[in-house]
Structures are given as C-alpha cells and as structure tokens.
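1. Fold the following for me, if possible:
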Amino acid sequence: MEVRRTELKVALLESLKCILSDAQHARQQGEDHLNVIEMTPEFGVYLTDIIIDQNNFLPIRQLAAVVLKQYVQTHWSTTSDKFVAPETPEWAYAISEIARWDWPESWPQLFEILIGFMTSSKLSDNMADSQLPQLIPIMFPELIRIFKDEKNFNSNIRGKTTHILNSCISLIFAMSDLEKAAPNVLLFPYIPHFLSAFTESLSQPDGPHSDYVLKTNVIKTIVNNTRLVEESIDSDGERYNIQNLVCHLFEFFSALFQRKTYKSIVNVMMDDLIYQLIKYMLISEEQADLWVTCPGRFIEDEVDDTITSSVRILAVNLLDTIIHFNESKILDSTSKAVRKHFDEAETIKYSPHWWKVHESCLLVLGNLSNLLTTKSVQNYLENNFLLNYIMSIDVQSTVSPFLSGRALWLRSKLASRMEDPAFSNLMKGCTEAVNQSQHIIIRIYGAKALSQLSQGLNDGLRHELMSPYLTDAINGLIFMALDFSKDVDILGLAIDSLNFILQISRSVTESVHGKLIPMLVEFYSTYNQNPYLEAIAQDSFKIISKFPNCYQTLELHLFPVLMNLISTSGKSAFCTTGTALDIMEDLIKNCPIPVPETLINIGFPTVAVTVMNTDDVSIIQSGSDCLRAFISRSSDQVFEWKDPEGNDGLSYVINCILKQVDPQLEQYSAAQVGKLTIVFFRKGDVLAQQHLGTILRGVLAKMQQVTEGNVMQALIIMFAYLIHEHFQLVYNLLVSVPSPTGTSAMEYVLSEWCKQQNFIAGCYNIKISILAFCKILLYYANTNDPYISSMSLLEEALEETIVLKRKVTIPIIHKMFKAIIYEFSTELEGNSPHEKILADISDIPSRTDDEESSSDSQNYLYEDQLYINSSNFEDFDDDESFDDLEDALFPIDLQDQLLNFFQEFRQKSCYNFFISCLSAEEHKILDKIHQILH
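-> So this is what the prediction gives:
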C-alpha cells in the first residue's frame, strides 16, 4: 500500500511539472495524466502533501494549491454549482487513515458502525455505482486483511466481512450490464486473495479462530458467487478455482459428519445436502466431450481409487462419507432427493441435457448398492419405483450412451436381488453392450457390468444362467481389447473383465482358448513394461493355466516369451524379470506330471542361472519361489537333470540357496530362502541331508545381518522345520558351531527364535514352530541334557514394587514352555469343545510387554510377551501354500498334539522345574489344561 501511494505521488508531481513546461505537447501530456490521477481516492491527500512540502519547487506547490481548489469545487459536494461527478471519497480515506491509528483500541466501535452501514438495506441507496471505483481499492484490501487477521479479530467480525463482499459483488455485477469491464477492473484482481483466505479458513479445524458460523458464511459467499471463480494462480503458484474451493467445502461437510457435536445439524440438512450433491455429480459438457474423445480418461475418472480430481469425483467421495455416517437416514434422504430430481427432469424434457439429471441419480444409487442389496432393505428396493423405471426406461434410452450405460451398470450392482428371468435379461443386455457395433462408452459400461456380475455372484445357479451368454461376452471383450490395443485403460478394462468371466465355466473357457491365448500372450509381450497391464496379464495366465485342455496351447505360446524375459535379466532399463518368474511359477504349479521336458531342460536351468547371476532382490525372491515350484512339482526330474558339464539339478538348487544367504547382498535376498530350503529337504531327503552343514552355516552367517522381523522369522521357520524333522542331526551341528556372540549357534538360534515367536503368523508356521518347541522340551526331559538347560537369554523385567525396567536372564526352555502354554490357550479360544474351561480362560487378562509375570521362587518378574497367534489365521492363499499342504504336519490338529505333549511332559521329573517359572495367569491356564486331561 505504501509503495502504491509513493508511486502515485511521484506520478502526480511529474504531471504538475509537465503542466509548467513551455512545450505544448508536454503540457497536454501532463493534463491528461492529471485527469487520470484525479480519479484515485487519495488525489486530494497527495495534492495536500505536495503543497505543505517545502522541499518542492514553489511554482509546483502553487499549482498544486490551484488544482486542489478546483478539485474541491467540482467534486466535494453535489450541492456545489460547479459539481462534476464523481463525488470525492475523501471521507472514506479519512476514516481509513484514522482507523489505522485508533482502531480498534481507541475507536472499537468503528468497524461495527461501518459493518452496520454496509450490510444495511441502505447500501444500494447510499453507495452509487460511481463510488465503487474509488471505494473498492481501499475497502477490499482492508476486508482481506481483517479476514486473515485471526489474532486481532474474532470469527464473528471476520465473518461479517463476507456480507460486505457479497453486497459489493452484487453492485459490481449490476454495473456490468452497462460497464462490461467493471468485474475485470474492480473485482477479479482481488479474487485470488479472497479465495486464498477462504480456502485457508475452510481447511482449519474448529477452534478459537474458526467455527461453524464463519465457515457457513464463507460457503454461502462461494456458492452465491460461483460465477466469479475462474482459475487464478497466486504468487506461490497455488491454484484457486471452483474445484479447489468445492474440495474444501466438501471437506468441511465431511468434518461435520465425523463430529457427534453436529449430528443433529447434519440430520436436519441431510435431505437437502443429498439433493445438492446430485447436482454436483452432473456431467459437464466439457467432461462429456472429453470422455467421448478420450474414453480411456473416462475409465480413469470412474475407478474408485482414481488419482484424478473433479467436482463430480469430490461429490461422490463426500457421498461415501455420508453413507458410513448414517446408513438408515441416507436411504430415505436419497429416495426423496432422487424422486425430486426425476420429477424436475420431467419438466425439462425439452432440454437436450435432461438425461444428465437421471445419470447422476443412477450414480448415487449405484454407490448405495451394497446397502440396497442387504436383506434389511430388500422390501425398500423391490417396492421402490426407481428400480422399475431404471429397467424399463433408462436402459433402453438412446439419448446418451452415458445414461443407458449407467443404467446397465446400476442393474449389475443390484443383480443379487433380481429374479432369474430379470437376471438372464440383464446378462443378455451386458453381452450386447460389449458388441463391436456399440458406442465405446456403452462397451465400457458393458465390460464393467460383466465384471460386476462375474465377481459379485458366487451362486452356482446364477453361473448357469450366465453360461449361454459367456461365449459372446468373451468374444465381445476380445474384440474390445483388439480394437483399442493402443489405449492402456480400455485394454486393461477389457482383459480384467475377461479374467473374471473365464473362471465361471471351464468348458466355455476351453472352447475359446485357441484365439484367447495368442491374444493374451501378444498383449503381455507388448505391455510387459507397464506394471498395471503386466499384473492383469499375470492374472490371466494364472487362471488359464489351471484348465488342463488349455495348458499345452498356453505353454506353446507363453513359454518362449517368458524365457526371453528371464534370460535378459538386467539388460533392460525396464526389466520385468521378476513378474516373468512369477508367471513361470504359476505355469509350473499347474503343469502335468511328469513335467514337460522343455520346462525341465530349458526352464529350470534358465531360472536357476538367473538367480545365481543377479543381485536384484526382487528377482532373487521370485526366482526362489519358482525353483520351489519346480522341486515341489517334480523333485526327481529336477535333481536328476544335468547340464553339459555334468552338474546336476541338486547342485544348482544348493547354489541358489547359498546365493540367497550371501552376506554381501541385502537382507531381503533371504526373505524366501526358508520356504525353498524346507521344500528342498522335504523332497531331497538323504541327498539333501548331505548338504545340511553347508546350508545351515550360510543361513547362520546371513542371520547376523538381518534386522527385519519378517526376514528373521522366515529363517527361524526353516530351523523349526529341520529341528522337528531332523532334530539330532541339526542339534549336533548347531552346538558344535560357534556364533559371533561367543555362544553356540544353537543358543543363538533359539534366543532369536524366542524373541520372534509371538510375531510368527500363519497356520503352518505357528504349528511347526510350537511343535519344534515341544520336541526340544521332550528331548531335554528324556535326556536331562545340561547344555540345553544352561542356555538363556536377556530380556527386560519389571521390579515388583516399583516401575523400573532392568535386564534379567531367563532360561530359554522356560520361554519355550510359556509359549506353548499360551498357544494352547489361543487354540482353545479359536476351537474348543470345552466351553466351561474356555469361559474361565477368557477371564484371564491379556498381558502386554510391560506387564508382570510373577514367580514364587524369585523376587523379580519376567517380562513375557503375549502370544496371540492362532492356527485359524492364514498368511497365504491356497496357491501359495501348495507345498505346505503336502507336509504331513499340515493336516494335524495342533490342539490334540499339544494335549498329547502336556500328557507326556507332566509325567517327567523336570515338570516342577518348569512350573516354578510360571506367572499366576499361566498357572491358571495350566490348571485348565489339567482339567481337560483328567
């Protein structure tokens, strides 16, 4: 502001100098400039400054006095005979200058007085259009300053600035009927500053500087004046436009829904809010044109996790928030809002855009589909007029592909509540929608609807109703993929929809595999560097490989492509070797036995050599899983294979295992080696046991490097398996090998094992870990091996009388016994016929890391961790656990095995030694176990 004043004063001084010049053109230029400066609010003040400044040239001061006299005579008062509009705003400037010094301390009532005047009905009478050019340059900067100054002005005063702004905006646009440039000159220069302030205000949480009333005033200002909100960019590059403001507006409403304080307010406004939200969901002309021209963008904007942003998307996101807030209220409010919009749409059928109202209503109902299809609202859905209307009218509409497509999409989301004839009709409509002759928008909606029907219905009867249409649906999607092979989004949608349909009928899939597989392999070959499309192709091959009659064709076309990608590992900046290995793994899992020679003679060595020659962790991990599939599927073929130099498959596998535990590689290289090693020893038997020492030494060296729990657990499970299956062999080896800590490798492994035990997850992992503990304890009970009882670990403990942690030593076998007890209690909670005992155990409070574990014979408390594992929890799906299912341990009942363990262990002489270490809670669990045994 001060800079602007200085510049104007200098310009005025230069104009006066020009007027005193002898040159005619200079005098004329000075007078023209003077007439321009005369329109500024501070003109009289600047003249006065020049007059009283004795440093100025005397003729300049005299001329300034003459100009000031003329200015007062012509502009000061309308009662003057010489008055010429506009009337001078010096009164406003004077008040402003006084306010700079006296307000709010010495003149606290000033702003209220001005607010009262500005917001009164007299505003339009007392403020002429001609006054705005002088008033706004003073007032708007002050309004912005006041609104942003949350330290000196409360939210009530700051909110009143929005009333003034609204009044001024109304006047400015009233002026624009005659003065077209008025908004551009008077208003738009200030809009970015107001928007910046409003945006910041809406984003603030409720508190001393922002509240519901202030935000409501801001929202009203935004909504009432959306015609102003063209995109602006401030000095920091921040964009301010309608989308930006609507985003904050919707965030404000989302915050309201999440606060119980405003629950009553929200419920009252729910009907109107849903009605208004539907308006925000209307497809704009710009969007419709963009989507027709670029249908891939339409797909991108429609996905649930889209990264694009628009007012429509923001409105849908807010609707999702509302649904979670109040499911019972949302149905009633939506029904009212949709009915109202449909009624209004009937009155504008003459408009070419009436269908947009229907489309946005259907979009809202689609987002409520999960709620609409629940049994609790079944009658609501069946009796609602909207469903019949959608099925009979909008699906058949030809006014816009967006309307008929949206109606088809909605029907697919409500299909679970349809009668069989209606469902068959829907499937027929979806199949026709993906036909080549249809508009691309219709084809997109058809693909989405087919995907919804395929994955949303697990009813075998419904799958039978779909079967007659599956071949045409698959053909339609194949042609859709071929027609738009250059459009990543459409191509991805078509193949992804195919993946769901292919799983419905084995016979249909096998009947079309001849043209389907070459297309998919070509698709993968072209787009294997695109992570999104690569993952979709991987799913396709995984599905098709499970159909025996498709396998040979799949191998014929896919295997050469995979070999090329795997063998070129590291030679491309966009290397996709990891995914190629994952696809290869699926191919091996589902191949016939014996494994085809090409897979053994070419595939196996290619995978093994790739693992041995790379340092890429992702390739090593995927390669390890692929090798595991080879061994699990046909270990004899793998181990007997030999390369031209005479090296057999067994040596290749060992070298790959040692590669994964190489200390020079980062720790995650060993993430999958445990599973591979277990399968290797399970299938290799005596041959594998000959290399036990080499492998275990490599694993022990790797363990020194590992800091991540999941990697350490993978290695520990490998030791658990080996101890359970080959205890004496592993025990003798580990006790004879020193660890870097100075103890034996056995003590080191068991110590790390106990630390990780409560983090181990997965049915098989938990089972093998606990049963290995049982085996070690029974070995000790039978042999009284002093070395086992001497092993210990350090952990934190709590003093009994004060909250103080300190390190204590606890025997490792005690930690194992505690782990077994708590795993048994967890087993009872998950699956127990002993309801009375289970009820008693459930009363035992859970313990955290900082809670006490008392001992009758010691004056300190071991700090045990709560073992929360459950054998009912799976950390892998059926495909990933294919080799675990072959293990003899997998089907056994852990609860029965533990009962057998306690039955045997309590007969041992050392039993009391173990009981003495238990806490009161653990004693209670053990007592319940004894009750079961009796």
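
2. Let me know whether Ile631 touches Leu650 as I believe.
-> No. Ile631 is beyond contact range of Leu650, at 9.8 Å (criterion: C-beta atoms under 8 Å). (C-beta placed from N, C-alpha, C; glycine too.)

3. okay, these two: which has more neighbours?
-> Counted by other C-beta atoms under 10 Å, Ile631 and Leu650 do not tie: Ile631 has more neighbours, with 25 against 21.

4. Pull the contacting residues for that one.
-> Ile631 is in contact with 638, 653, 676, 679-680, 683-684, counting by C-beta atoms under 8 Å, 6 or more residues apart in numbering.

5. Mark which of the residues you listed are part of helices, please.
-> In this view, those that belong to helices under DSSP state H are 638, 653, 676, 679-680, 683-684.

6. which among these gets closest to Ser360?
-> Leu676 (54.2 Å; C-beta to C-beta).

7. For the helix or strand containing Pro468, enumerate the helices and strands it packs against.
-> Mapping Pro468 onto the secondary structure by DSSP states H and E places it in helix 460-483. In terms of contacts (3 or more C-beta pairs under 8 Å, 6 or more residues apart in numbering; DSSP states H and E), helix 460-483 is packed against helix 420-433, helix 440-456, helix 488-501, helix 506-527.

8. still on that earlier bit, hey, what's in contact with both of Ile631 and Leu650?
-> Here Ile631 and Leu650 share the contacting residues 638, 684, scored by C-beta under 8 Å, 6+ apart.

9. Tell me the buried residues in the helix holding Pro468?
-> Of all the residues in helix 460-483, those buried under the rule 16 or more other C-beta atoms under 10 Å are 462-463, 465-466, 469-470, 473-481.

10. and the closest residue to Thr40 other than its chain neighbours, how far is that from Ile50?
-> In space, and not counting its chain neighbours, Thr40 is closest to Leu8: 6.0 Å by C-beta to C-beta, 6 or more residues apart in numbering. Using C-beta to C-beta, to the nearest Å, one gets 12 Å for the distance from Leu8 to Ile50.

11. got it, and Ser328?
-> Distance, Ser328 to Ile50, using C-beta to C-beta: 73 Å.

12. Compare neighbour counts for these two and give me the winner.
-> Comparing Ser328 with Ile50 by neighbour count (other C-beta under 10 Å), the higher total belongs to Ile50, at 19 against 9.

13. doesn't Arg61 make contact with that one?
-> Yes. Using C-beta under 8 Å, Ile50 is in contact with Arg61, at 6.4 Å.

14. next one: stretch 556-564 to chain centre, how far?
-> Relative to the centre of its chain, stretch 556-564 is centred 35 Å away, using C-alpha atoms, centre = their mean, to the nearest Å.

15. Next: stretch 148-166.
-> So, by C-alpha atoms, centre = their mean, the centroid of stretch 148-166 is 37 Å from its chain's centroid.

16. So which bits of it are buried?
-> 148, 150, 153, 155, 157-166.

17. and if you look at stretch 35-42?
-> So for stretch 35-42, counting by 16+ other C-beta under 10 Å, buried means 37-38, 40-42.

18. Show me how the chain divides into domains.
-> 1-88, 241-392, 399-500, 708-830+880-933 (the TED database).

19. could those go into JSON lines alongside mean pLDDT and distance to Gln529?
-> JSON lines is the format used below for the domains of the chain (pLDDT from 0 to 100; distance: least, C-beta to C-beta, whole Å):
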{"stretch": "domain 1-88", "mean pLDDT": "75", "distance to Gln529": "55"}
{"stretch": "domain 241-392", "mean pLDDT": "77", "distance to Gln529": "18"}
{"stretch": "domain 399-500", "mean pLDDT": "89", "distance to Gln529": "11"}
{"stretch": "domain 708-830+880-933", "mean pLDDT": "84", "distance to Gln529": "26"}
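
20. Nearest to Leu587, out of those domains?
-> When the domains of the chain are compared by C-beta to C-beta, domain 708-830+880-933 sits nearest Leu587, at 13.3 Å.

21. gap between the closest one and the chain center?
-> On C-alpha atoms, centre = their mean, the centre of domain 708-830+880-933 falls 39 Å from that of its chain.

22. end-to-end on it?
-> Its first and final residues considered, domain 708-830+880-933 spans 40 Å by C-alpha to C-alpha, to the nearest Å.

23. before we move on, what about stretch 13-27?
-> 13 Å.

24. so where does the closest residue to Leu793 other than its chain neighbours fall, helix or strand?
-> Of all residues not flanking Leu793 in the chain, Ser751 sits nearest, at 4.3 Å (C-beta to C-beta, 6+ apart). Taking DSSP H and E as the criterion, Ser751 maps to helix 745-756.

25. name the helices or strands packed onto that helix?
-> Helix 745-756 sits against helix 692-703, helix 709-725, helix 727-736, strand 792-798, helix 812-830, with contacts defined as 3+ C-beta pairs under 8 Å, 6+ apart.

26. Figure out which of these is closest to Leu12.
-> helix 709-725 (75.9 Å).

27. Okay, angle between that closest one and helix 692-703 too, please.
-> Angle of helix 709-725 versus helix 692-703, following axes from the mean of the first three to the mean of the last three C-alpha atoms, to 10 degrees, is 160 degrees.

28. Who are the packing partners of helix 709-725?
-> helix 673-689, helix 692-703, helix 727-736, helix 745-756, helix 763-783.

29. where does the stretch 51-200 of the chain dip in pLDDT?
-> Scanning the stretch 51-200 of the chain for pLDDT under 70 picks out 75-132, 134, 177.

30. okay, the helices and strands packed on helix 460-483 in a markdown table with distance to Leu556 next?
-> Output for the helices and strands packed on helix 460-483, formatted as a markdown table (distance: least, C-beta to C-beta, whole Å):
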| stretch | distance to Leu556 |
| --- | --- |
| helix 420-433 | 30 |
| helix 440-456 | 27 |
| helix 488-501 | 20 |
| helix 506-527 | 8 |
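
31. Adding mean neighbour count and distance to Ser351, write those out as TSV.
-> Converted to TSV, the helices and strands packed on helix 460-483 look like this (neighbours: other C-beta atoms under 10 Å; distance: least, C-beta to C-beta, whole Å):
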stretch	mean neighbour count	distance to Ser351
helix 420-433	19	26
helix 440-456	23	20
helix 488-501	23	31
helix 506-527	18	43
